[in-house]
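Engineer: Quick one, fold the following:
(2 chains)
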Protein chains: 2
Amino acid sequence: MNFDISKVLSSKAIGSATRWSGFPPYHFVGGNIDEQTVPVDGLAAALDKVLRAQGHAMAKYGMDSGPQGYLPLREFVAGNLERRTGMTVTADDVLITTGSLQAMDLVNNLLLNAGDVVVLEAANYAGALSRLDRLGVEYVGVELDAGGMRVDRLAEILQGLKEQGRQAKYIYTIPTVQNPTGTIMSRDRRLELLDVAGKFDVPVFEDDCYADLIWSGPRPPAIHALDTDGRVIYCGTFSKTVAPALRVGYLVAPWDVMKHVLPLKTDAGSGALEQMVLAEYLPRHFDAHVDRLLPMLKEKSDAIVEALNENFGAAAEFTPPAGGIYIWVTLPENVDTRHLAAVAAKAGVAINPGPEWTVYGDDNRHRMRLCFGHPSIENIREGVALLADICHHEFGVPVRSGNVERR
Amino acid sequence: MNFDISKVLSSKAIGSATRWSGFPPYHFVGGNIDEQTVPVDGLAAALDKVLRAQGHAMAKYGMDSGPQGYLPLREFVAGNLERRTGMTVTADDVLITTGSLQAMDLVNNLLLNAGDVVVLEAANYAGALSRLDRLGVEYVGVELDAGGMRVDRLAEILQGLKEQGRQAKYIYTIPTVQNPTGTIMSRDRRLELLDVAGKFDVPVFEDDCYADLIWSGPRPPAIHALDTDGRVIYCGTFSKTVAPALRVGYLVAPWDVMKHVLPLKTDAGSGALEQMVLAEYLPRHFDAHVDRLLPMLKEKSDAIVEALNENFGAAAEFTPPAGGIYIWVTLPENVDTRHLAAVAAKAGVAINPGPEWTVYGDDNRHRMRLCFGHPSIENIREGVALLADICHHEFGVPVRSGNVERR
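Structural biologist: Numbers count the residues shown, from 1 in each chain, chains lettered A, B, ... in the order given. Okay, the predicted model is just below:
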């Protein structure tokens, strides 16, 4: 080989991957779900039916539905959102995307120039933060409490920006089962958020990726459903309810926004088979599927809570999840979870260190996110026990043996 | 609605879509293929089998194959490329992409900064040109002749850039059934191209989207197969052989390039179902499928050639296609194909005007690209006849009635 690519890489191409080596034995990262819950037989039956009936249309980019995606799926999404979130939208307001990640990329391309500033929850989805970093967009983190984003702080932050002559390009929020904190923003606080957004005339980008997965307590209406100004762009996904590898999400926006989004979706369409199978399978099965899923997730949530209590004792602080697939854990301040993650990785345990999931990493060096969606209950127990051992070995906490303080 | 998105759009969000209204009656644009050729039953049977066997793994991003895509499909692609193109690659050199469009986006992100310059065929895929425009990358068009890119001109252009202190970031070529000209670059000329690329130390981005669709003459080895420097990045697709709406393409690069590409593929994976079904279906059926497809495409090619001859007479110059799904037509110089396209669109005929498919639009105002992959033979005949009438009405050519000169 004579040619050396490293001399001609773009300024964006700074990363260098290592060869993939599969999942570690204790895999508490990544947003994966439980293999047993993928409704394989139902999907197979649905796909066989719809593929034989509609498959010929795959000869055309966009099939017979055009750039917004398979119409029957958009119709299902609109109706499903109405029932679950109170949103009143039609298929015309829906864009099927290749995962909600693409919805995020589209919103970012729609609104953001390098040097812009956005406002978002101070603990957040690492993929959202890394995208903003790559775009050269600044972000200000709003503190959260047990009820999600502190809207009083949001108002202060927006006012502060205004006084500097700056305007946030959007408020990004994951209000229902927030990633990573798991908080759920109340209806009242959502109205307050809209009030603040209106006062500063900032759009709201609402990400409802985990919102179907609540097993404890009511699901508040979507912020989009409470908005009367047309200032909310909404996204959701089927990754966490059906299967992540399908890559099917959706963006919801009125036409005056959608018409500017469509020219940015330059991929000639998202995958046809996934759209067809979900349009065929979900109308009759989605509710029952989610109803089956929730107790299984709760069981895993209970298992990780129990494992953390048993193995970390008072050293681990957390709120037991009310939904979703993550638990956000605070360890004693002497614990550096980046270091913990590195050592744990060598022992086959993958965890997410707090600094990668927060805006102000220095304040969160002792926090970690664990995903319980994928591992089995036994695996959860073993993995958390092993993690506690490693933490003890590296940092002296939790204290072990006769000295373990139980919560 | 109080919120006005138009005030906060990014500098990229300049487009505004119109509502989709379906395909026009005579649809000679878009790279779509014939609905009858989508192997629906075969795909359905394959998908049922593989989904039931492997579908549980969709619970994990990347399934059990990691970020380069479903391993059995990569294995098929590697073997298929060896048989059809002479390339010697393994599954590790293959990245499954969401259509070859994503492969193009990845290569562009890998290598290009705004202000860079690339070199490519002077008649080209409009999607390639628009991407470079959006990236703020300059491009120089190399003239083509009946054998594809003029490599003598390529050398002159690269030399000219060098004298300006500039280095082309890549040479982009569609050497086998070029889009839109349909030319096929000979093996000798490919070796010359590699020679020139080596002399100026420029990488080559080889796009083989249409290369499986040759019915007349031999298929030369891929430039990638002839390269000994590791300077060729290759992409292909199943869009034109199986179905565009599946969105399955592939990028081929050695690890020292692939390792820089992977961090740029931030979509958490391409659609699982398409990858699974093609991995199951293609090994036993791809060759037979293409063998069935080629005579059907040739029939349509013959039909459009005949229709152009009958209706345009000497006014239409073109080379009958040796493969692919497009024909590139030169009309008399007084014809403005942009205006022709606008008038024809109102009459229900969609064509691609030359200036949108060439680097130097002014020199190509009298050329047009027609896609014959999708319409039926009857539709081709009617559409071309209608187009000729419109052209006569607008520009006085072709001359009609007793004066029609036949080729």
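
Engineer: Could you report the neighbour count for the closest residue to residue A:333 other than its chain neighbours?
Structural biologist: Among residues not flanking residue A:333 along the chain, residue A:366 sits closest, at 5.1 Å (Cβ to Cβ, 6 or more residues apart in numbering or on different chains). Heads up, the C-betas are built off the backbone N, CA and C, glycines and all. Burial of residue A:366 is recorded as 21 neighbouring residues (other Cβ atoms under 10 Å in any protein chain shown).

Engineer: which residues does residue A:366 contact?
Structural biologist: Taking Cβ atoms under 8 Å, 6 or more residues apart in numbering or on different chains as the contact definition, residue A:366 lies against A:330, A:331, A:332, A:333, A:334, A:335, A:336, A:337, A:354.

Engineer: residues in contact with the first one?
Structural biologist: Contacts for residue A:330 were tallied using Cβ under 8 Å, 6+ apart; they are A:316, A:317, A:318, A:366, A:367.

Engineer: same thing with the last one?
Structural biologist: Residue A:354 makes contact with A:123, A:337, A:361, A:364, A:365, A:366, A:367, A:368, A:369, according to Cβ under 8 Å, 6+ apart.

Engineer: and the fourth one, backbone torsions?
Structural biologist: When read as degrees, to the nearest 10, the backbone of residue A:364 gives phi -130, psi 30.

Engineer: Against chain B, how distant is it?
Structural biologist: Relative to chain B, residue A:364 is positioned 23 Å away (Cβ to the nearest Cβ, to the nearest Å).

Engineer: Could you do the last one as well?
Structural biologist: From residue A:369 across to chain B, the span is 16 Å (Cβ to the nearest Cβ).

Engineer: does the residue nearest to residue A:306 when sequence neighbours are not counted sit in a helix, a strand or a coil?
Structural biologist: Nearest residue to residue A:306 in three dimensions, chain neighbours excluded: residue A:381, at 8.0 Å (Cβ to Cβ, 6+ apart). Put simply, residue A:381 is helix when judged by DSSP: H, G, I helix; E, B strand; the rest coil.

Engineer: Residue A:381 touches residue A:305, doesn't it?
Structural biologist: No: using Cβ atoms under 8 Å, residue A:381 is not in contact with residue A:305, being 11.4 Å away.

Engineer: A strand includes residue A:234, no?
Structural biologist: Yes: under three-state DSSP, residue A:234 falls within a strand.

Engineer: and it, bridged to which residues?
Structural biologist: Counting by DSSP bridges, residue A:234 is bridged to residue A:206, residue A:252.

Engineer: Tell me how many other residues crowd it.
Structural biologist: Residue A:234 has 26 neighbours, counted by other Cβ under 10 Å.

Engineer: go on, the one 5 residues further on?
Structural biologist: Summarising burial for residue A:239: neighbours were counted as other Cβ under 10 Å, giving 25.

Engineer: Double-check that it belongs to a helix.
Structural biologist: No: the assignment for residue A:239 is coil, going by three-state DSSP, so no helix is present there.

Engineer: Enumerate every residue touching it.
Structural biologist: Residue A:239 neighbours (Cβ under 8 Å, 6+ apart): A:31, A:99, A:100, A:209, A:246, A:247, A:248, A:249.

Engineer: From chain B, how far off is residue A:362?
Structural biologist: From residue A:362 to chain B the distance is 25 Å (Cβ to the nearest Cβ).

Engineer: Residue A:307 too?
Structural biologist: In terms of Cβ to the nearest Cβ, residue A:307 sits 21 Å off from chain B.

Engineer: Check residue A:395 too.
Structural biologist: From residue A:395 across to chain B, the span is 31 Å (Cβ to the nearest Cβ).

Engineer: Surely that residue is in contact with residue A:334, unless I've mixed up the numbering?
Structural biologist: Yes: look at residue A:395 against residue A:334 with Cβ under 8 Å: they come within range, at 5.7 Å.

Engineer: which one of those two has more residues nearby?
Structural biologist: residue A:395 (19 against 11).

Engineer: wait, which of the contacts of residue A:330 is closest to chain B?
Structural biologist: residue A:367 (23.2 Å; Cβ to the nearest Cβ).

Engineer: Go ahead and confirm the closest one touches residue A:328.
Structural biologist: Yes: the pair residue A:367 and residue A:328 passes the contact test of Cβ under 8 Å, sitting 6.7 Å apart.

Engineer: where does the residue nearest to residue A:333 land on pLDDT?
Structural biologist: Residue A:366 carries a pLDDT value of 98.

Engineer: Next: residue A:260.
Structural biologist: The model's pLDDT for residue A:260 equals 97.

Engineer: before we move on, the earlier item: mind checking which of residue A:381 and residue A:305 has more residues around it?
Structural biologist: Neighbour count, other Cβ under 10 Å: between residue A:381 and residue A:305, residue A:305 has more, with 20 against 17.

Engineer: can you tell me how far the residue nearest to that one when sequence neighbours are not counted sits from chain B?
Structural biologist: Of all residues not flanking residue A:305 in the chain, residue A:320 sits nearest, at 4.9 Å (Cβ to Cβ, 6+ apart). As judged by Cβ to the nearest Cβ, residue A:320 and chain B stand 23 Å apart.

Engineer: list the contacts for residue A:320?
Structural biologist: Counting by Cβ under 8 Å, 6+ apart, residue A:320 has contacts A:301, A:302, A:305, A:327.

Engineer: That one: which element?
Structural biologist: Following DSSP states H and E, one finds residue A:320 outside all helices and strands.

Engineer: and residue A:342, how many neighbours?
Structural biologist: 12.

Engineer: How about the secondary structure of it?
Structural biologist: Assigned state for residue A:342: helix (three-state reduction, three-state DSSP).

Engineer: Strands of the stretch 151-300 of chain A, start to end?
Structural biologist: Ranges of strands in the stretch 151-300 of chain A, per DSSP state E, counting those that start in this stretch, are A:171-173, A:204-207, A:232-237, A:249-252.
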